[in-house]
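[1] Using only what follows, build the 3D model:
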Amino acid sequence: IMQGSTTLNNNKALTVNGTFTYNSTGHTTLSDNITVNGIALDSGTLDDGGLAITVNGSGGWNNNGGTYTTTGQAIFYSLSGVAQNIAGSSPTTFNGLAINNPGNVTLNVSPVAPTVIAGNLNMTLGNIITNSTNILRMLDTSTASNGGVSSYVSGPMVKVGAGSFVFPTGKNGTFGQAGV
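    Below is the predicted model of the structure:
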């Protein structure tokens, strides 16, 4: 648990074998990648510093009032197939979001709000599960890469802006891209 105004000088990649809880009155910028079982943003501003935060356990991503400043990416990784969530009481905007989890990642923000991608959505393995109230929202300059029968968005997603875009969507093991 990080509390108060803090500095995280992780000059080497940091692994947290549990939930990394960020509860701060200040702003913290990462100086190297971190890997966590789960992350809880409760208050303050956590800046990924253009680096990667890898969530590799069932703890998932919970934003309960903190601010996530991102130019890097969040990676949801679990080759064992542990189901993961992007949840909490506040929505999160990711610059890059990578999905590499056959157990899938479910959007479950309450009160309902979209999870936003400002950069690249990289679908490697596993699905993002959305519904009519927990939508994946792609910003104007965002992109989607990879995707296929083993990795797609299952449920609604929207794209903001007038640029062309290919939606990596599917359902029940069928990959069905749609382009605009």
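
[2] Going by C-alpha atoms from here, please, whenever you check contacts or count neighbours.
    Fine.

[3] distance of Ser89 from Ile135?
    15 Å (CA to CA, to the nearest Å).

[4] what's the neighbour count on Thr25?
    Counted with other CA atoms under 10 Å, the neighbours of Thr25 add up to 14.

[5] Distance of it relative to Asp48?
    Distance from Thr25 to Asp48, by CA to CA: 17 Å.

[6] Of Ser89 and Ile135, give the one with the bigger neighbour count.
    Ile135 (21 against 17).

[7] May I have the residues that are in contact with the closest residue to Met157 other than its chain neighbours?
    Leaving aside its sequence neighbours, Met157 sits nearest to Leu136 (CA to CA, 6 or more residues apart in numbering; 4.6 Å). Listed by CA atoms under 8 Å, 6 or more residues apart in numbering, the contact set of Leu136 reads Leu107, Pro114, Thr115, Val116, Ile117, Thr130, Pro156, Met157, Val158.

[8] Do I have it right that the fifth one meets Pro91?
    Right, Ile117. No: between Ile117 and Pro91 there is no contact under CA atoms under 8 Å: 11.2 Å.

[9] Comparing these two, which residue is more hemmed in?
    Pro91 (26 against 23).

[10] Hmm, the more buried one is touching Asn62, no?
    No: here Pro91 does not reach Asn62: they are 9.0 Å apart, not a contact under CA under 8 Å.
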